[in-house]
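**Q** using only what follows, build the 3D model:
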Amino acid sequence: MEHPHLMHTALDTNDARGLAEFYRELMGWHYRPGDEPPTDGGADDDSWLVLVDDDGRRTVAVQRVDEPLARPTWPGHKVPMQLHLDFSVSSRAELERHKDRAVDLGAAVLLDRSDDPDEALFVLADPAGHPFCLLTTA
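**A** Numbering: from 1, shown residues only. Predicted coordinates:
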């Protein structure tokens, strides 16, 4: 039986390019093709950036949010950590099957974008309310 594959961990931030650059430099990762900073002075679409390792495997995604984010206060709990997991599956049939499995296990569907022709996905919340994505790019 096929199980979902952890694609990367996605981090929310107000400065996606800045945070991506931090992890790129710290870890020696690279931008996914197309996510590199523009070199021609053009506009930078930094709303969703993916970093990959030397073998091209996804490691971290950085998602820009426009609402001001309070810095997490961990180990305190006043402001929780701000990240989510992305899991990929091989087909739309597997996407539906694993969404149903997750719901049977106690997850709730937060967003259904399964009709997207390029990247079908469901955003779900685990039983504790943490969001995660199930998606396919196939």
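
**Q** so the closest residue to residue 3 other than its chain neighbours, which of the three states?
**A** Spatial nearest neighbour of residue 3, chain neighbours left out: residue 98 (7.9 Å); criterion: C-beta to C-beta, 6 or more residues apart in numbering. C-beta here means a position set from N, CA and C on the backbone, and glycine is covered the same way. At residue 98 the chain is in helix, as set by DSSP: H, G, I helix; E, B strand; the rest coil.

**Q** in what helix or strand does residue 25 lie?
**A** Using DSSP states H and E, residue 25 sits within helix 16-27.

**Q** I'd like the next helix or strand past that helix.
**A** Criterion used, DSSP H and E; the element after helix 16-27 is strand 30-31.

**Q** still on that earlier bit, if I pick the residue nearest to residue 3, what's in contact with it?
**A** Contact analysis of residue 98 by C-beta atoms under 8 Å, 6 or more residues apart in numbering lists 3-4, 87, 89, 134.

**Q** ok, residue 47 next?
**A** Applying C-beta under 8 Å, 6+ apart, the residues contacting residue 47 are 16, 63-64.

**Q** now it: phi and psi?
**A** phi -70, psi -30 (degrees, to the nearest 10).

**Q** run a quick neighbour tally on the closest residue to residue 135 other than its chain neighbours.
**A** Spatial nearest neighbour of residue 135, chain neighbours left out: residue 121 (3.6 Å); criterion: C-beta to C-beta, 6+ apart. Neighbour count of residue 121, defined by other C-beta atoms under 10 Å: 21.

**Q** going forward, the N-terminal residue is numbered 20.
**A** Sure thing, new numbering starts at 20, so read that last one as residue 140.

**Q** sheet partners, orientation included, of the biggest strand by length in the chain?
**A** The single longest strand within the chain, with elements called by DSSP state E, is strand 24-32. Using DSSP bridges, the strands paired with strand 24-32 are strand 77-83 (parallel), strand 102-107 (antiparallel).

**Q** show me what it is in contact with.
**A** Residues contacting strand 24-32 (C-beta under 8 Å, 6+ apart): 38, 69-70, 77-84, 88, 101-108, 152, 154.
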